Every structure is written in C-alpha cells, then in structure tokens.
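Enquirer: pasting the sequence and the predicted model now:
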Amino acid sequence: MGRILMYHNFANSRDADGDAVLVDDARAQLAYLRRHFEVVPLPVLVETSISDSRLKDRVVALTVDDGRHNFYECFYPLLKEFALPATFFVVSSFIGGEDWIWTDKILWLAEQPCRPDALDTDMIDHFFAELNEMRPAVRDCKIADLATLMQVEIPPLPPQKYAPCSWSELREMADSGLVEIGSHTVSHPILSSLGEPEALWQLTESRSQIERNVGRKVDSFCFPNGKLGDYRTIHFRQLQDAGYKRAVAARFGLVNRSSNAFDLPRIGISGRSDLISFCKDVDGAGYYQWKLEAALGARGA
C-alpha cells in the first residue's frame, strides 16, 4: 500500500508555530524515508497503486498544501538535497496576491493578546468547524466582525509566516522536475458550502490560473480542509469534468487498489510529530492501530 504524506508549514527556528515542521526535523524525516521507502511522485504512486500490482509496498509520495513561501524557503532546498519529488497544492488567488488564506487570518487573530475564548487553543477547532459550514461571504463577514470585536485590523497583506510563494518561484520549482504544482482551488472555500456551479468554477478557474502562470499542465487537486463533510461525491465528477486525474483529502489512511483516485487519504505531518510518531505512521503501525480502534468502537456501539 502507498502512503501520501501531508505537510503544511515549515520553519527554521524553534520559536516558530508548533504546527510548523522544523527544517532539522524535516531533514531527519526525509533521511528516514530515503533509507526505508521509495519516494515517488504522487501521479506515479496513484496510478500504479490503484491500477498496477507491481508497485512495491513501501512507497511514499510527499504533498504540501496551500502555497506558502516557507515551502520554497525551507522544504524545497531539502527536496533538492535528497533529490526527492513532491506535489505542492496552491491556492491560486493567494499566489496571485489577491488575498491571503482565510484560515490563516483566523490563526493570526488567535495570536493577538486580545483574542476571545473562541480562539483559545482548546476551542479554535470548534470555531473552524462552525466557519466551515458557512458560505464564503457569510464566513468572511464573521471574520471581519471578530476583528472589529477584538479592535484589531487584519493586515491587507499576510505577515511573513503566512506569505505566499510567487509565480516565478513556482515556475522555478516546477522546472526543476522535483515539484508538481497542483490546485487547491481559487480561494480555499469548503466545497460543500458552495453550490455546484460555484464549486465547478473553483476547480476550473484555479487550474486555468496555475497552468497559465506556471506553464505546466495541472492534473492533481487537493480538497480544502479535506475532512468528511467538506466535499460531496458530485465533486468527484466535477474534478473529472475539469480535467483532473486525481485528488487528495485530509482523512487518515493508506492508498491501495480499492482507493478512489479522487478521494485519496493522507497521513498528516506537523511540528508536533516527533520522529517516533512519524515512523509509526509512515510504517503503517498507526494505520492498523486506527483501524483496530475503529473496529472496537463499532463493536461497542
């Protein structure tokens, strides 16, 4: 079975956000993967693990979401150092400088000293879940109202830790042959909060913008947030209609011949993943533990 790893943020300093993977930790993870696995491009893993039994069991694809500059600054040099491929899913309007990602605005608000209880560490996931169910316009008003309540002004441009890559940086990485650029929509909406025409526009327009600015075909897609309920089965058909060949989610799991190429599970890696837990999840022990706990939970229900 194949493993698709999911990263988001990277940092050089240990003073960084706890969710950001430090460069030293990322280097240790890539060294482990190179010793014990075959790291292949996402298209290769998907096409062979689903349709071809010849793929070896210990294979991994690396994926990174959103399009932040810390990928180019911190992780891309490691990919060159180890000569390993990765897929970088980008929000096209974010790369184009039109706006920064709304989820990062919430995280920025949570960093302010006057934050409300809803943005406390043990509550913020509930707040995100509430926003995920709102249509984008309503959600944006909720975020603006929250900033007004806190008496702060959200910067028009993202702070450095939330800054995007540029189109030229994406072209450089794509031209290296190591980085596939994939779509993460135009503006990072939760697709289930949209009507079908709006969702299709997000899929087609983001693909068009990336292809036009990077100069390469876009075949891979990543669902925003990517949890159960964040997208519907109709979106699998829309992805095919829009010209994509595969899509990844954020639910935990491994890829095998029964996997849906438009609903691929991944293994999340963050700054809270020490090397032991990283090895456990990538080797498959975490997956089988999760399957066992789910089975026991269903039996006890």
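Expert: Ah, there it is.
Enquirer: quick one: contacts for K227?
Expert: 249-251 (CB atoms under 8 Å, 6 or more residues apart in numbering). The C-beta positions use only the backbone N, C-alpha and C, and glycine is treated the same way.
Enquirer: can you pick the most crowded of those?
Expert: Among the contacts of K227, A249 has the most neighbours (other CB atoms under 10 Å), with 22 neighbours.
Enquirer: please enumerate the helices of the protein.
Expert: Ranges of helices within the chain are 23-36, 42-51, 69-70, 76-82, 92-95, 102-110, 124-132, 136-150, 167-175, 196-214, 234-242, 275-283, 285-300, based on DSSP state H.
Enquirer: which of the contacts of K227 fall in strands?
Expert: Within those, residues falling in strands by DSSP state E are 249-251.
Enquirer: least confident of these?
Expert: pLDDT is lowest at R251 among those; the value there is 92.
Enquirer: got the contact list for that one?
Expert: 226-228, 265-266.
Enquirer: which secondary element of the protein has the worst mean pLDDT?
Expert: helix 285-300 (a mean of 60; mean pLDDT, DSSP states H and E).
Enquirer: which among the contacts of R251 gets closest to I101?
Expert: Nearest to I101 among these is G226, at 14.2 Å by CB to CB.
Enquirer: count the neighbours of that closest one for me.
Expert: By other CB under 10 Å, neighbour count at G226 equals 24.
Enquirer: excluding chain neighbours, what is closest to A261?
Expert: With sequence-adjacent residues excluded and distances taken as CB to CB, 6 or more residues apart in numbering, A261 is closest to R246, at 4.9 Å.
Enquirer: can I get the ones in strands among the contacts of K227 in a markdown table including distance to E47?
Expert: Output for the ones in strands among the contacts of K227, formatted as a markdown table (distance: CB to CB, whole Å):
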| residue | distance to E47 |
| --- | --- |
| A249 | 18 |
| A250 | 21 |
| R251 | 21 |
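Enquirer: could you work out the most separated pair of the contacts of R251?
Expert: L228 and R266 (13.4 Å).
Enquirer: more neighbours: these two, which one.
Expert: In terms of neighbours (other CB under 10 Å), R266 is the more surrounded of L228 and R266; the figures are 23 against 9.
Enquirer: grab the nearest non-local neighbour of the more buried one.
Expert: The shortest distance from R266 to any non-neighbouring residue, by CB to CB, 6+ apart, is to M6 (4.0 Å).
Enquirer: so the one you found touches V248, yeah?
Expert: Yes - M6 is within contact range of V248, at 7.4 Å (criterion: CB atoms under 8 Å).
Enquirer: so what sits against both of the two?
Expert: 63, 266.
Enquirer: pick out whichever of these two has more residues nearby.
Expert: Per other CB under 10 Å, whichever of M6 and V248 has more neighbours is V248, with 28 against 21.
Enquirer: which residues are in contact with that one?
Expert: With CB under 8 Å, 6+ apart, V248 has these contacts: 4, 6, 42, 63, 89, 220-223, 226, 264-266.
Enquirer: may I have the beta-bridge partners of the residue nearest to R266?
Expert: Beta-bridge pairing for M6 (DSSP bridges): T63, G268.
Enquirer: domain map for this protein?
Expert: As recorded under automatic domain parsing, the domains making up the chain are 2-99+164-300, 102-157.
Enquirer: need the winner for burial among those.
Expert: domain 2-99+164-300 (a mean of 18; mean count of other CB atoms under 10 Å).
Enquirer: how much space separates the residue most central in space within the chain from P159?
Expert: For the chain, D65 is the residue whose C-alpha lies nearest the centre (CA atoms, centre = their mean; 3.0 Å). Distance, D65 to P159, using CB to CB, to the nearest Å: 19 Å.
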